[in-house]
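Colleague: predicted model and sequence below, questions to follow.
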Amino acid sequence: MPSGVYPRVKKWKRPDRATPDVCYGCKVALVRGQNWTTSKDAPKYCRVCANERSKAYYYRNPAAQIAKRSRYYGKLRREAYAAYGGRCACCGESRFEFLTIDHIKGDGAEHRKTVAPGSRILQWLQQRGWPKEDFQLLCWNCNCAKGIRGGCPHESEPALTSFPWALPQVA
Ligand SMILES: [Zn+2]
Ligand SMILES: [Zn+2]
Ligand SMILES: [Zn+2]
């Protein structure tokens with residue numbers, strides 16, 4: 001799935017000025033694309049100083065930073081899972097810990113490489129309003145079965161709820 005298919009996220013644009021702003025830290029002139037990136041709002045620091053500052057901030061209290069990060073990703077994951085229906089599209093598994101985002105067409109590896117490595121996939125999806133046509137929620141079992149065997153064994157079975165011994169589904 002080429003990334004151009006989804007609407008591009010509007011990026012903040014720095015107005016062109018006659019005299020360039022300078023870094024608060026090392027006083028170097030800030031040049032777009034050279035020592036600052038376009039992903040942030042108006043930069044106050046050059047890329048080198050910004051890296052130093054974020055490192056210093058992290059090392060002041062690593063445990064708090066890690067906790068903050070995991071809270072952020074936990075919230076992001078819950079939002080993603082709610083947006084994609086809260087249960088495995090194949091077997092109906094709804095326990096948070098079992099669920100993962102699946103690339104319906106099976107091009108996950110390619111997608112991860114090109115647009116969203118690692119956990120950035122969730123941010124990527126969030127920025128695009130959780131597109132449903134190419135992504136779904138699957139449990140790890142169904143996801144792995146699909147990846148390794150090209151299809152989940154559940155697909156050839158009747159739905160779990162039709163078994164007489166099936167437990168009532170938790171709402
Ligand atoms: Zn600087
Ligand atoms: Zn499943
Ligand atoms: Zn399945």
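Modeller: Perfect, I can see it now. Residues are numbered from 1 along each chain as shown. Ligands and ions are numbered 1, 2, ... in the order given.
Colleague: can you tell me the SS state at residue 34?
Modeller: coil (DSSP: H, G, I helix; E, B strand; the rest coil).
Colleague: now do it against residue 137, distance only.
Modeller: To residue 137, residue 34 is 42 Å away according to Cβ to Cβ, to the nearest Å. The C-beta positions use only the backbone N, C-alpha and C, and glycine is treated the same way.
Colleague: out of the two, which sits in the more crowded spot?
Modeller: Taking neighbours as other Cβ atoms under 10 Å, residue 34 and residue 137 compare with residue 137 leading, 23 against 11.
Colleague: show me what the lowest-mean-pLDDT helix or strand in the chain is packed up against.
Modeller: Across the helices and strands of the chain, the lowest-confidence element by mean pLDDT, DSSP states H and E is helix 108-114, at a mean of 73. Where contact means 3 or more Cβ pairs under 8 Å, 6 or more residues apart in numbering; DSSP states H and E, helix 108-114 is not packed against any helix or strand.
Colleague: list the buried residues for that helix?
Modeller: Residues of helix 108-114 classed as buried: 108, 111 (neighbour count, 16 or more other Cβ atoms under 10 Å).
Colleague: distance between it and the chain's centre?
Modeller: The chain centre lies 12 Å from the centre of helix 108-114; the measure is Cα atoms, centre = their mean, to the nearest Å.
Colleague: again, but for stretch 56-70
Modeller: On Cα atoms, centre = their mean, the centre of stretch 56-70 falls 20 Å from that of its chain.
Colleague: and the residue nearest the centre of the chain, what is it in contact with?
Modeller: Residue closest to the average C-alpha location in the chain (Cα atoms, centre = their mean): residue 122, at 1.8 Å. By Cβ atoms under 8 Å, 6 or more residues apart in numbering, the contact list for residue 122 reads 73, 76, 77, 80, 101.
Colleague: could you find the closest non-adjacent residue to residue 136?
Modeller: Sequence neighbours aside, residue 89 is the residue nearest to residue 136 in space, at 4.4 Å (criterion: Cβ to Cβ, 6 or more residues apart in numbering).
Colleague: how near is the one you found to ligand 3?
Modeller: 9 Å (Cβ to the ion, to the nearest Å).
Colleague: can you give me the neighbour number for that residue?
Modeller: Other residues close to residue 89 by other Cβ under 10 Å number 17.
Colleague: if I look at it, how far off is residue 70?
Modeller: Counting by Cβ to Cβ, the separation of residue 89 from residue 70 is 26 Å.
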